[in-house]
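1. Just to be clear, the model below is a prediction. Sequence and coordinates:
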Amino acid sequence: MSNIKVEKVFKRFVRRGQMTDALRDVNLEFKQGTFVSLIGPSGCGKSTLLRIIGGLMEASEGMISVGGQTPQQAQAAKQFGFVPQAPALFPWRTVLENMNLPFEVNRKAGINLSDREDPVELLQSVGLGDFIHAYAKELSGGMQQRVGIARAFGSGAPILLMDEPFSALDEITREMISYQLLNIWETHQKTVIFVTHSLREAVLLSDKVVVMSSRPGRISQVIDIDLPRPRTPDIEDSDEFHHYVSLIRGQLRERWG
Ligand SMILES: Nc1ncnc2c1ncn2[C@@H]1O[C@H](COP(=O)(O)OP(=O)(O)OP(=O)(O)O)[C@@H](O)[C@H]1O
């Protein structure tokens, strides 16, 4: 089981003699196969926490375990897939060729990914079945981001770290993509840690929402989202949905005030 445990994590940046405490006393547990969102005011340390979990940055103090491994060991064992704000696609490669990138990189690293998922089926589940032979440069920003998501789900990594993947998209596209992300996640249940500023996205997508406060970033509350799955658009009109949104909004306001 690749459960992730974060214990007493503290992170201090020191730049030109200036100290910034980005995270303090962060304790969290992520169960394998769950979808967890991190939400909080700008600068509260969400991206820093994601990078520390993903082995891209070291904590100043504390312990992180990814199924018993350090984040760096887990990263070397290809446990993580990253979905950043803008997907790193090769414009002159087709969508299908871009899907093969992690596979090619991992093959060079001598890692056998024979059990990888079917890229065409993954692209279909994010609504890109008709675009597999299109060049990446021919796609809209939203379509490119969907390729990035499908690719992360097909990379063989059991843990996906998503840092505001929809932030560059317009509202309507965001809404559509969030349902496609739900769709692909409900079929291929990986652990997802999803950084967002959107209350709606956090509630719609997640099993748990971690509300953070600034500064230094701490966990102010972890809220279980007890809404039935699969989640369909009508859920957004339900009283329960609105209840969770206002609960999180209240938490965030309390911490700002
Ligand atoms: N490499 C760095 N060097 C120095 N300070 C940093 C570095 N990275 C982040 N910080 C600081 O740490 C704090 C947390 O930053 P972080 O990017 O994790 O916040 P965030 O919650 O993801 O913000 P946002 O929602 O605006 O993306 C901020 O005060 C930021 O200036």
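-> Arrived safely. Numbers count the residues shown, from 1 in each chain.
2. any idea how far the ligand is from residue 214?
-> From residue 214 across to the ligand, the span is 7 Å (C-beta to the nearest ligand atom, to the nearest Å). To be clear about C-beta, it is placed using only N, CA and C from the backbone, and glycine gets the same treatment.
3. Could I get the contacting residues of that residue?
-> Listed by C-beta atoms under 8 Å, 6 or more residues apart in numbering, the contact set of residue 214 reads 40, 41, 42, 43, 44, 45, 255.
4. Can you report how many residues lie near the third one?
-> Other residues lying near residue 42 total 8 when counted by other C-beta atoms under 10 Å.
5. so it is in which element?
-> In the assignment (DSSP states H and E), residue 42 maps to no helix and no strand.
6. where does the stretch 51-200 of the chain have low pLDDT?
-> Applying pLDDT under 70 to the stretch 51-200 of the chain flags residues 105-115.
7. returning to that earlier point: and the contacts of residue 214, which are buried?
-> For the contacts of residue 214, a burial check counting by 16 or more other C-beta atoms under 10 Å picks out 40, 41, 44, 45, 255.
8. restrict the contacts of residue 214 to contacts with the ligand.
-> By C-beta under 6 Å from any ligand atom, the members of these lying near the ligand are 40, 42, 43, 44, 45.
9. Quick check: of the residues you listed, which lies closest to residue 182?
-> Using C-beta to C-beta, residue 40 is the member of these that lies nearest residue 182, at 22.3 Å.
10. Give the phi and psi angles for the closest one, as a check.
-> Dihedral angles phi and psi of residue 40 (degrees, to the nearest 10) take the values phi 170, psi 170.
11. ok, it - contacts?
-> Shown in contact with residue 40 (C-beta under 8 Å, 6+ apart): 46, 211, 212, 213, 214, 217, 220, 252, 255.
12. Need those in CSV (columns: pLDDT and secondary structure).
-> Output for the contacts of residue 40, formatted as CSV (pLDDT from 0 to 100; DSSP: H, G, I helix; E, B strand; the rest coil):
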residue, pLDDT, secondary structure
46, 94, helix
211, 96, strand
212, 95, strand
213, 90, strand
214, 82, coil
217, 86, strand
220, 91, strand
252, 89, helix
255, 64, helix
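13. any chance of the residues you listed in CSV, plus distance to residue 103?
-> Shown next, in CSV, are those (distance: C-beta to C-beta, whole Å):
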residue, distance to residue 103
46, 29
211, 37
212, 35
213, 40
214, 39
217, 35
220, 40
252, 40
255, 42
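14. What about those, which one has the most neighbours?
-> The most neighbours of any of those, using other C-beta under 10 Å, belong to residue 46, which has 27 neighbours.
15. That one reaches residue 194, doesn't it?
-> No: Residue 46 lies out of contact with residue 194 (C-beta atoms under 8 Å); the separation is 9.9 Å.
16. Show me whatever sits in contact with both of the two.
-> Common neighbours of residue 46 and residue 194 (C-beta under 8 Å, 6+ apart) are residue 38.
17. mind listing the strands for the stretch 51-200 of the chain?
-> In the stretch 51-200 of the chain, the strands defined using DSSP state E, counting those that start in this stretch lie at 61-66, 80-83, 159-163, 191-195.
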